[in-house]
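J.: all I have is the shape, not the residue letters:
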DNA sequence: ATTTTTTACTTGTATATACAAGTGCAAATA
DNA sequence: TATTTGCACTTGTATATACAAGTAAAAAAT
């Protein structure tokens, strides 16, 4: 297995992103100037600017010529949920994750309503089911299917604390660049009734999502059931 | 009036973007290599790469190390529905609009779940209700509330053929730049049951949306009910 | 005291250069 | 013939440098 060195600008991007996400830099704060970042991390300005460009594209900061880089706080998500998935959309404090079906490799014919390629089919997929609870109330139930190609130690990672998106980005340099989603309202079937502890005919939001990544040809899929009686999905667009 | 010089990388971006949008470069085609673009436009590679980076961020191209820049075609919309609203999301052919409550000016205290400013409250709002049918089947029911500030002849315009977004853009130079939305699944109340001709407990998708525009301080609001039993909402992100 | 100018910062644009690394094909080799 | 090697291309990363232009506050002039 070849471990490609993580480039400097990407390391700096991760550092700064983490500092914004954990609140070290709050909305309205200024990041250190580009020259200060150069000196602090022993980089040149084009490299530093490369990292800052990524933060701008993600919506974490905006820059003003002559003034500096101003932290915007949490970015606009892509699509209905935040780019970081439900974890950062809700806030990690009172959100817990219960693994219903641990990540395992299995064969697949299709991913929900989405077609998969012959290559993806032959390799099988990593399958997992998770239940997300907010203040001990089940809110999300999601099924995830990821093509089983070259993700070492993936099935042994823990998906309880961190979001899937974060693990893919930090450990495998896979970024979700966009995708497609179908959204519909359904009534809870028996399995969902049990997980959400709701009665028959309870309305449930369902999302079928295809996530496209920066690795060409690498997409993964999730189906999310959401009980919106207490929490509605909020997203910026 | 000061005309700031348009930078080189932006000019190149516009040129290439136009060539993609008008079909000169089609999906799957390769753009000229970076060195070729350098020679053709008398620029250096970092400048050319800056332009290509913008195309990547917009989703027009993807790049592959060792291969080249591959055209992806048209980029993605914003939000759950296309930027142009339901009309362009579905296709105008078999979609008809029925005005349930004609645009009228009335007072308002709030817009669905969104707060409004004192200025907006004092001016009142333009209110309208519309039912959208696909192949004569009611699918969308939406309520729109627009602050009543300086939109001459707005209430007398027809909203049956064209979408609200298009009218705002063409006649009032107002573009929707983004916004916020809440999405939830509910069961149809009596009014919705009648409009959609569905029985009790039928699951319905509801969206509360706040649209922010290029005019600072000008936002408008809509609440959309959607019967997803035949048509699910599809969106790219 | 008020206004203008200078100064010292900030980010924005652009060039020139170098090497790393992925891709695909032609040429050399077994 | 089949395989390997080398080469010529591609994009990716990084440095070093220079000047333009916006911002804000200090310094100088009125």
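T.: Nice, I can see it. What you see is a predicted model; the values in this text were computed from it and never measured.
J.: distance of the closest residue to residue A:94 other than its chain neighbours relative to DNA strand C?
T.: For residue A:94, ignoring the flanking residues on the chain, the nearest one in space by CB to CB, 6 or more residues apart in numbering or on different chains is residue A:135 at 4.9 Å. C-beta coordinates here come from the backbone N, C-alpha and C atoms, glycine included. Note on residue A:135: its distance to DNA strand C, by CB to the nearest atom of the strand, to the nearest Å, is 40 Å.
J.: can you count the residues close to residue A:135?
T.: 11 (other CB atoms under 10 Å in any protein chain shown).
J.: surely it touches residue A:231?
T.: No - counting by CB atoms under 8 Å, residue A:135 stays clear of residue A:231, with 9.6 Å between them.
J.: flag the shaky bits of chain A, pLDDT-wise.
T.: Along chain A, the model assigns pLDDT under 70 to residues A:1-4, A:74-93, A:161-162, A:216, A:236-237.
J.: domain parsing for chain A?
T.: Domains of chain A are assigned by automatic domain parsing as A:8-71, A:86-226.
J.: could I get the full set of strands for chain A?
T.: For chain A, strands defined by DSSP state E occupy the ranges A:61-64, A:68-71, A:95-106, A:125-134, A:137-147, A:176-187, A:203-213, A:219-226, A:233-236.
J.: and the gap between the closest residue to residue A:172 other than its chain neighbours and residue A:127?
T.: Once flanking residues are discounted, residue A:172 sits nearest to residue A:151: 5.9 Å by CB to CB, 6+ apart. For residue A:151, the distance to residue A:127 (CB to CB, to the nearest Å) stands at 13 Å.
J.: report the closest residue of chain A relative to DNA strand D.
T.: residue A:66 (2.4 Å; CB to the nearest atom of the strand).
J.: can you get me a residue count around that residue?
T.: Neighbour tally, residue A:66, other CB under 10 Å: 4.
J.: now it: phi and psi?
T.: phi 90, psi -10 (degrees, to the nearest 10).
J.: same deal with residue A:28?
T.: Dihedral angles (degrees, to the nearest 10) for residue A:28: phi 100, psi -20.
J.: over to residue A:116?
T.: With angles defined as degrees, to the nearest 10, residue A:116 sits at phi -120, psi 160.
J.: how much space between the nearest residue to it once chain neighbours are set aside and residue A:120?
T.: Distance criterion CB to CB, 6+ apart; nearest residue to residue A:116, sequence neighbours excluded, is residue A:110 at 6.0 Å. Separation of residue A:110 from residue A:120 (CB to CB): 10 Å.
J.: which of these two has more neighbours?
T.: Applying other CB under 10 Å to residue A:110 and residue A:120 shows that residue A:120 carries more neighbours, namely 23 against 12.
J.: what's the nearest residue to that one if we skip its chain neighbours?
T.: Computed as CB to CB, 6+ apart, the closest residue to residue A:120 that is not its neighbour in sequence is residue A:147, at 4.5 Å.
J.: give me the beta-bridge partners of the one you found?
T.: Beta-bridge pairing for residue A:147 (DSSP bridges): residue A:125.
J.: now do the contacts for the nearest residue to residue A:131 once chain neighbours are set aside.
T.: Distance criterion CB to CB, 6+ apart; nearest residue to residue A:131, sequence neighbours excluded, is residue A:98 at 4.5 Å. With contact set as CB atoms under 8 Å, 6 or more residues apart in numbering or on different chains, residue A:98 has these partners: A:130-133, A:160.
J.: closest one of these to chain B?
T.: Ranked by distance to chain B (CB to the nearest CB), the contacts of residue A:98 are led by residue A:132 at 16.2 Å.
J.: isn't that closest one up against residue A:94?
T.: No - taking contacts as CB under 8 Å, residue A:132 lies outside contact range of residue A:94: 10.9 Å.
J.: now residue A:233, which residues is it bridged with?
T.: Beta-bridge partners of residue A:233, counted by DSSP bridges, are residue B:183.
J.: so how far is residue A:134 from the residue nearest to residue A:172?
T.: Where residue A:134 is concerned, residue A:151 sits at a distance of 29 Å (CB to CB).
J.: so which of the contacts of residue A:98 comes closest to residue B:165?
T.: Among those, residue A:132 lies closest to residue B:165 (CB to CB), at 34.0 Å.
J.: what about the closest residue in space to the closest one that isn't next to it in sequence, how many residues close to it?
T.: Distances taken as CB to CB, 6+ apart place residue A:140 nearest to residue A:132, at 3.8 Å, with adjacent residues excluded. Using other CB under 10 Å, residue A:140 is surrounded by 26 other residues.
J.: same question, the one 3 residues further on
T.: Taking other CB under 10 Å as the criterion, the count of residues near residue A:143 is 18.
J.: is it true that it touches residue A:209?
T.: No - when contacts are counted by CB under 8 Å, residue A:143 is not listed as touching residue A:209 (10.6 Å).
J.: what do these two both touch?
T.: Common contact partners of residue A:143 and residue A:209 (CB under 8 Å, 6+ apart): A:222-224.
J.: from residue A:33, how far off is the residue located most distally from the centre of chain A?
T.: For chain A, the residue at maximal distance from the C-alpha centroid (CA atoms, centre = their mean) is residue A:66, at 33.7 Å. Here the distance between residue A:66 and residue A:33 works out to 11 Å (CB to CB).
J.: could you do residue A:227 as well?
T.: Per CB to CB, residue A:227 is found 46 Å from residue A:33.
J.: ok, these two, which is more surrounded?
T.: It is residue A:227, of residue A:227 and residue A:33, that has more neighbours when counted by other CB under 10 Å, with 24 against 13.
J.: in contact with residue A:63, which residues?
T.: A:52, A:56, A:69-70.
J.: list the contacts of residue A:157.
T.: A:103, A:167, A:171.
J.: of the residues you listed, buried ones?
T.: Taking 16 or more other CB atoms under 10 Å in any protein chain shown as the criterion, what is buried in the contacts of residue A:157 is A:103, A:167.
J.: return the member of the contacts of residue A:157 nearest to residue B:183.
T.: Of all those, the one with the least separation from residue B:183 (CB to CB) is residue A:167, at 25.8 Å.
J.: got the phi/psi numbers for the spatially closest residue to the closest one that is not a sequence neighbour?
T.: Distances taken as CB to CB, 6+ apart place residue A:157 nearest to residue A:167, at 5.9 Å, with adjacent residues excluded. Torsion angles at residue A:157 (phi, psi; degrees, to the nearest 10) stand at phi -80, psi 160.
J.: look up how far chain B lies from residue A:157.
T.: Residue A:157 sits 25 Å away from chain B, going by CB to the nearest CB, to the nearest Å.
J.: could you do residue A:105 as well?
T.: Distance from residue A:105 to chain B, counting by CB to the nearest CB: 28 Å.
J.: tell me what that residue is bridged to.
T.: Beta-bridge pairing for residue A:105 (DSSP bridges): residue A:126.
J.: residue contacts, it?
T.: The contact partners of residue A:105, by CB under 8 Å, 6+ apart, come to A:124-127, A:148, A:155.
J.: tell me the contacts of the nearest residue to residue A:47 once chain neighbours are set aside?
T.: Distances taken as CB to CB, 6+ apart place residue A:9 nearest to residue A:47, at 5.1 Å, with adjacent residues excluded. Taking CB under 8 Å, 6+ apart as the criterion, residue A:9 is in contact with A:43, A:47-48, A:50-51, A:54.
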